[in-house]
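J.: turn this into a model:
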Amino acid sequence: MKLSKHHLINRSRLSLERWLIHLGFFVLKLLVQLPHATSLRLGRLLGYGLYYSAARLRHITTVNIRLCFPQLHMSDQKNLIKASFAATGMGLMEAGMAWFLPNYRLYNKVELQGLHHIKQALTHGRGVILLGSHLTTIEIAGRLFAKYMPLSVVFQITKHPLLNQYINHYRQTIYQTLIPNNDIKQLFNCLAKNQIVWTAPDQAPKHQRAIQVNFFGLPTPTTTAMSKLAVLSQAPIIPVTYYRKPDDAGYRLTVHPPLEHFGNDPSHDALRLNQWLETVIHHSPEQYLWQYKRFKPITNDQVNYYDQSNNEIP
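T.: Residues are numbered from 1 along each chain as shown. A predicted model of the protein is given here:
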């Protein structure tokens, strides 16, 4: 059967995407063999390159930072936007470090506090839910946390099957269980086995799972899934943070005390999660992943801040 021109173009595009993914992982594996500081400098340069070349991501990031930090002078906002791209580039290099480097190259760069909160929670036999967030250090933090305890992680399925295959292949060497974000049964099975499950529910959920809750003073689509999970599993929810130290000297991982009285009120719980996330972001705002539409509308009557013709951004 003769393929149409449209099908041939699509096949060619998919083939190019596959080769670019293969090449990208090969190059990343080579680059992270360099000294840690050198790899991060390259990551920073990569981030700046994205800032200047990826107009769509730059627009989304600009909108997010202007909405969340309207008090900053425009020049300070621009500096924060650039710094966030630099941190994102470093996060990509750190993902490569997490996937490809041996233990001795990583474990001397971590400072961990509060591990006793997890050990104490596990004595109750209901598992533990670690409450993470999309800081740019998330991949390397997972590898470093896994040094101290076996982890099961909830992950977002990407749109490209080959990219999923690559990432999950390397994650499987780190984590006890990989849980797709749509597989609630597997998540509960892990908790029933008294496992530690790490999830980061701070990105905008699907419309049917979202309610509008304040985040940086704006009504924002926020998940209520954590509330339901806490009630049904009776597992404690323990927040964790993971920051890049100043001068790229290593990583500070902190396990915080469990959230108390969580699960009684989904709306109030969602607000607590957003308030916690604000605290996490204020600590090091450039280290948060700003390149996604956190304030996207979930109904037609809401403002679309990401529409480039919109003038309602502060």
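
J.: can you map out the helices along the stretch 151-300 of the chain?
T.: Counting by DSSP state H, counting those that start in this stretch, the segments of the stretch 151-300 of the chain that form helices are 161-171, 184-192, 225-233, 266-283.

J.: for residue 274, which residues are in contact?
T.: 213, 214, 215, 220, 222 (C-beta atoms under 8 Å, 6 or more residues apart in numbering). Every residue, glycine included, has its C-beta placed from N, CA and C.

J.: likewise for residue 202?
T.: Applying C-beta under 8 Å, 6+ apart, we find residue 202 in contact with 133, 134, 273, 277.

J.: skipping its backbone neighbours, what lies nearest it in space?
T.: residue 133 (4.7 Å; C-beta to C-beta, 6 or more residues apart in numbering).

J.: check residue 232 too.
T.: Residue 232 sits nearest to residue 188 (C-beta to C-beta, 6+ apart), 7.2 Å away.

J.: that neighbour and residue 234 touch, don't they?
T.: No: applying C-beta atoms under 8 Å, one finds residue 188 not in contact with residue 234, separated by 10.9 Å.

J.: thinking again about what came up before, how about the helices of the stretch 151-300 of the chain in JSON lines, adding mean pLDDT and distance to residue 51?
T.: Output for the helices of the stretch 151-300 of the chain, formatted as JSON lines (pLDDT from 0 to 100; distance: least, C-beta to C-beta, whole Å):
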{"stretch": "helix 161-171", "mean pLDDT": "90", "distance to residue 51": "22"}
{"stretch": "helix 184-192", "mean pLDDT": "95", "distance to residue 51": "36"}
{"stretch": "helix 225-233", "mean pLDDT": "93", "distance to residue 51": "33"}
{"stretch": "helix 266-283", "mean pLDDT": "96", "distance to residue 51": "19"}
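
J.: now those helices in JSON lines, with distance to residue 83?
T.: Below are the helices of the stretch 151-300 of the chain laid out as JSON lines (distance: least, C-beta to C-beta, whole Å):
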{"stretch": "helix 161-171", "distance to residue 83": "26"}
{"stretch": "helix 184-192", "distance to residue 83": "34"}
{"stretch": "helix 225-233", "distance to residue 83": "29"}
{"stretch": "helix 266-283", "distance to residue 83": "13"}
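
J.: before we move on, the earlier item: tell me which two of the contacts of residue 202 sit farthest apart.
T.: Put simply, by C-beta to C-beta the two of the contacts of residue 202 set farthest apart are 134 and 273, 13.0 Å from each other.

J.: higher neighbour count, the two?
T.: It is residue 273, of residue 134 and residue 273, that has more neighbours when counted by other C-beta atoms under 10 Å, with 25 against 20.

J.: residue 220 is in contact with that one, correct?
T.: No: when contacts are counted by C-beta under 8 Å, residue 273 is not listed as touching residue 220 (10.9 Å).

J.: doesn't residue 303 belong to a helix?
T.: No: using DSSP: H, G, I helix; E, B strand; the rest coil, the assignment for residue 303 is coil, not a helix.

J.: tell me how many other residues crowd the residue nearest to residue 232.
T.: Counted with other C-beta under 10 Å, residue 188 comes out at 17.

J.: and for the residue nearest the centre of the chain, nearest residue in space, chain neighbours not counted?
T.: Centroid-nearest residue in the chain, with C-alpha atoms, centre = their mean: residue 134, separated by 2.6 Å. Spatial nearest neighbour of residue 134, excluding adjacent residues (C-beta to C-beta, 6+ apart): residue 289 at 4.3 Å.

J.: quick check, residue 96 in contact with residue 34.
T.: No: using C-beta under 8 Å, residue 96 makes no contact with residue 34, being 10.5 Å away.

J.: look at those two and report which has more neighbours.
T.: Ranked by neighbour count (other C-beta under 10 Å), residue 96 and residue 34 place residue 96 first, with 23 against 13.

J.: contacts only, for the more buried one.
T.: 28, 29, 31, 32, 39.

J.: which one of those residues is nearest residue 155?
T.: residue 28 (18.5 Å).

J.: about what we covered before: ok, which of the helices of the stretch 151-300 of the chain comes nearest residue 48?
T.: helix 266-283 (21.4 Å).

J.: number of residues surrounding the residue nearest to residue 202?
T.: So residue 133, with other C-beta under 10 Å, has 20 neighbours.
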